[in-house]
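Visitor: sequence plus the predicted model coming up.
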Amino acid sequence: MGRITLDKVRKAFGDVEVIPPLDLRIEDGEFVVFVGPSGCGKSTLLRLIAGLEDVTSGEIRIDGTDATHLSPAKRGLAMVFQSYALYPHMTVRKNIAFPLKMAGMDQAEIDRRVDGAAKVLNLSSYIDRRPGQLSGGQRQRVAIGRAIVREPSAFLFDEPLSNLDAALRVGMRLEISELHKRLATTMIYVTHDQVEAMTMADKIVVLRAGHIEQVGSPLELYRTPRNTFVAGFIGSPKMNLIEGAEAEKHGAHTIGVRPEHFQISTEGGTWTGTIGVSEHLGSDTFFHVTVPGFAEPLTIRAGGEVDLHYGDTIHLTPDASQIHRFDAKGLRLP
Amino acid sequence: MATQHSRSAARAMMAPAVFLLLVWMLVPLILTLWFSTLDYRPLRGTFDCCEGLGNYVRFVSSSAFWDSILTTLQLLGGVLLITVVGGIGLAILLDQPIWGQGIVRILVIAPFFVMPTVSALVWKNMFMNPVNGLFAHAFKAVGLEPVDWLSQFPLFSIILIVSWQWLPFATLILLTAIQSLDSEQFEAAEMDGAGPFARFGYITLPHLARSITVVVLIQTIFLLSIFAEIFVTTGGAFGTRTLTYLVYQRVIESQNVGLGSAGGIIAVILANIVAAILMRVVGKNLDA
């Protein structure tokens, strides 16, 4: 079981309010991702749930019982840290066994669980090495191993993939997702990378300056961002946000169109612009198009084999059903 | 610094310093070796050659020698124990965020800057004096008989004085080590259910192992040659005669340079043996 409820949780460091009163429900077995730019309070929120920071006011409930003032160890949660936080002087085996040893479990049970975790995570071949002799990806696995042997009611991940190279990151992302499917335990995952959020989450919590901007499934956020912040944050490349006369034509202060929701043509369209930088990824091509009258260049996604180049004129037609409209406060208009 | 030319230039520029150091070390060593084979007593005007190993045999076979070895080891062990344990404690305390941290840290380090002679005299006259000392006043204040520290517990008193001098060194080294401890490791251990003592034992202490090694090695080197503190307090009386002090007495008080030199060479050999043992036992921590 791992149902976590935050009720008006507030955190202040001295006079600085990092997290204004905040409510959140995390259901059992969910994969929840906290995402937001750096300094938005997502790690602090995770640490509040873990018990590594004291809540200034409000209540945290885990499985219905008040855990606000419980020590981290008593909350039954396991955490994987950004730096992995492995114990450098212990072997992999001892690292993984550490929480069990602290819990006073008998040696036979410890061995059984450690071997189980090692098998699941493919650690067996380096179980007697020390963390210093392992690669980043292997250390990451050990850190996860140390978390799963405790059989916690929920896992907390604090930007676990940010120290890995791009290829490993994609691999570990899949592994963590698979682990979640297999264990079906609640997982809370903090990241600033919206791609990680989109690919892994059942539920994404978008944070800005301690506020929850929106909570929803990845596709909900993609389809119906509640405000311009979420609209700009979710999706890659960013949604184009256009203000001014063009927006007023749609009865809004700002309109947003994602790069993938344009028809491009060389003959005619709603808007006409000049291609600036183009990025060829093989599968896709991203054009940065300067349109007269728009404050910022638009980012447009085209197919991989489009024969357009720097300086060419391009005609763009936004997909009418995919225009997001926002009011002057940045809130979504129906 | 990688080209052939710059390397030979570096060597040429280093040469004078290396040469000077070699001379500085070799001349006294060779002289001492030479003296140790002589019957050299300046006040009597004897300067006879070819004692052979006679001085060595005489030095080792005197009962004072074995007593001095024991005293040296007791002093060494006592000071190491107090400074390492106290240093870890102080380092942990100083690592806590407190008001006036900077000043407190400087104050803690201050004893290290006081000359050994001065600090020993201050301890002797200000604290340990049985009539006017602060300890005597403190004892009297609670109705106890004042203790004459330097004659009742002479070795312990010297251990206290020396520990007071070396505690800052140990604290400083251990404090920097504690500050380099990754706080996430601590938090991970906290989440893993380790209490404060388990965290100290499983995280802090292993992390400090290397620094403790450094403290023990460096202090050993300096503590084996402790002299001023003994000279100004007990003058080697009441069982506080270390090997260094014995050599001094043989050369200066008995005016027997030959015998003293033999003792000096023995002290050098013993110090090297101690260093070798220490490197074996604790030096493993310095690898990897």
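Guide: Structure's in. What do you need?

Visitor: what about residue 239, how many residues nearby?
Guide: Chain wasn't specified; assuming chain A. Around A:M239 sit 24 other residues, with neighbours defined as other CB atoms under 10 Å in any protein chain shown. Bear in mind the C-beta positions are built from the backbone N, C-alpha and C, glycine included.

Visitor: correction: the question concerned chain B.
Guide: 13.

Visitor: and what about A:T5, helix, strand or coil?
Guide: Three-state assignment for A:T5 (DSSP: H, G, I helix; E, B strand; the rest coil): strand.

Visitor: quick check: closest non-adjacent residue to it.
Guide: A:R61 (4.4 Å; CB to CB, 6 or more residues apart in numbering or on different chains).

Visitor: hang on, that neighbour in a helix?
Guide: No - counting by three-state DSSP, A:R61 falls outside a helix, being strand.

Visitor: isn't it right next to A:K8, touching?
Guide: No - the pair A:R61 and A:K8 does not pass the contact test of CB atoms under 8 Å, sitting 11.7 Å apart.

Visitor: who has more neighbours, the two?
Guide: Set side by side, A:R61 and A:K8 show unequal neighbour counts under other CB under 10 Å, the larger going to A:R61 at 15 against 12.

Visitor: OK, contacts around that one?
Guide: Taking CB atoms under 8 Å, 6 or more residues apart in numbering or on different chains as the definition of contact, the neighbours of A:R61 are A:4-5, A:7, A:67.

Visitor: drop anything exposed from those.
Guide: Buried members of the contacts of A:R61, scored by 16 or more other CB atoms under 10 Å in any protein chain shown, are A:4-5, A:67.

Visitor: make JSON lines out of those residues and add pLDDT and distance to B:I273.
Guide: Shown next, in JSON lines, are these (pLDDT from 0 to 100; distance: CB to CB, whole Å):
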{"residue": "A:I4", "pLDDT": "88", "distance to B:I273": "62"}
{"residue": "A:T5", "pLDDT": "88", "distance to B:I273": "67"}
{"residue": "A:A67", "pLDDT": "85", "distance to B:I273": "59"}
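
Visitor: which among the residues you listed gets closest to A:L164?
Guide: Using CB to CB, A:I4 is the member of the buried ones among the contacts of A:R61 that sits closest to A:L164, with 26.9 Å.

Visitor: show me what contacts the closest residue to that closest one other than its chain neighbours?
Guide: Once its chain neighbours are removed from consideration, A:I4 has its nearest residue in A:I26; the separation is 4.3 Å (CB to CB, 6+ apart). A:I26 makes contact with A:2-5, A:32, A:154, A:186, A:188, A:203 under the criterion CB under 8 Å, 6+ apart.

Visitor: helices along the stretch 151-288 of chain B, start to end?
Guide: Ranges of helices in the stretch 151-288 of chain B, per DSSP state H, counting those that start in this stretch, are B:154-179, B:183-191, B:196-199, B:205-223, B:228-233, B:243-248, B:257-282.

Visitor: what are the contacting residues of the fourth one?
Guide: Outside helix B:205-223, the residues within contact range by CB under 8 Å, 6+ apart are A:87-89, B:75-76, B:79-80, B:83-84, B:87-88, B:162, B:166, B:169-170, B:173-174, B:176-178, B:181, B:271, B:274-275, B:278-279, B:282-283, B:285-286.

Visitor: how far does stretch B:176-190 stretch from start to finish?
Guide: Counting by CA to CA, to the nearest Å, the length from the leading to the trailing residue of stretch B:176-190 is 22 Å.

Visitor: what do you get for stretch B:46-63?
Guide: The stretch stretch B:46-63 measures 25 Å between its terminal residues, going by CA to CA.

Visitor: just the mean pLDDT for it, thanks.
Guide: Along stretch B:46-63, the predicted confidence averages to a pLDDT of 77.

Visitor: residues contacting it, please?
Guide: Where contact means CB under 8 Å, 6+ apart, the residues beyond stretch B:46-63 that reach it are B:36-40, B:65, B:250, B:258-259, B:261-263, B:265-266.

Visitor: how about the residues of chain A by chain B?
Guide: Residues of chain A found near chain B (CB under 8 Å from any CB of the partner chain) are A:50-52, A:71-73, A:77-79, A:81-83, A:85-90, A:98-99, A:102-103, A:132, A:146, A:150.

Visitor: of those, just the buried ones, ChimeraX syntax please.
Guide: Of the residues of chain A next to chain B, the buried ones can be selected in ChimeraX as follows, counting by 16+ other CB under 10 Å:
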select /A:50,51,52,72,73,77,78,79,81,82,83,85,86,87,89,90,98,99,102,146,150
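
Visitor: just the residues of chain A next to chain B: which are in strands?
Guide: Residues of the residues of chain A next to chain B located in strands (DSSP state E): A:77-79.

Visitor: what about the strands in the stretch 1-150 of chain B?
Guide: Taking DSSP state E, counting those that start in this stretch as the criterion, the stretch 1-150 of chain B contains strands spanning B:39-41, B:46-48.

Visitor: which one of the buried ones among the contacts of A:R61 is nearest to chain B?
Guide: Using CB to the nearest CB, the shortest approach to chain B within the buried ones among the contacts of A:R61 belongs to A:A67, at 13.2 Å.

Visitor: hmm, which of the contacts of A:I26 are the buried ones?
Guide: Of the contacts of A:I26, these count as buried by 16+ other CB under 10 Å: A:2-5, A:32, A:154, A:186, A:188, A:203.

Visitor: just the CA atoms of the one helix or strand in chain A whose mean pLDDT sits lowest, as CSV, please.
Guide: Counting by mean pLDDT, DSSP states H and E, the weakest-scoring helix or strand in chain A turns out to be helix A:245-249, with a mean of 83. Output of helix A:245-249 as CSV, limited to C-alpha atoms (Å, rounded to 0.1, in the frame of the first residue of the first chain):
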residue,chain,number,x,y,z
ALA,A,245,-3.3,40.9,-33.3
GLU,A,246,-3.2,37.2,-34.4
ALA,A,247,-4.3,36.1,-30.9
GLU,A,248,-7.2,38.6,-30.8
LYS,A,249,-8.5,37.2,-34.1
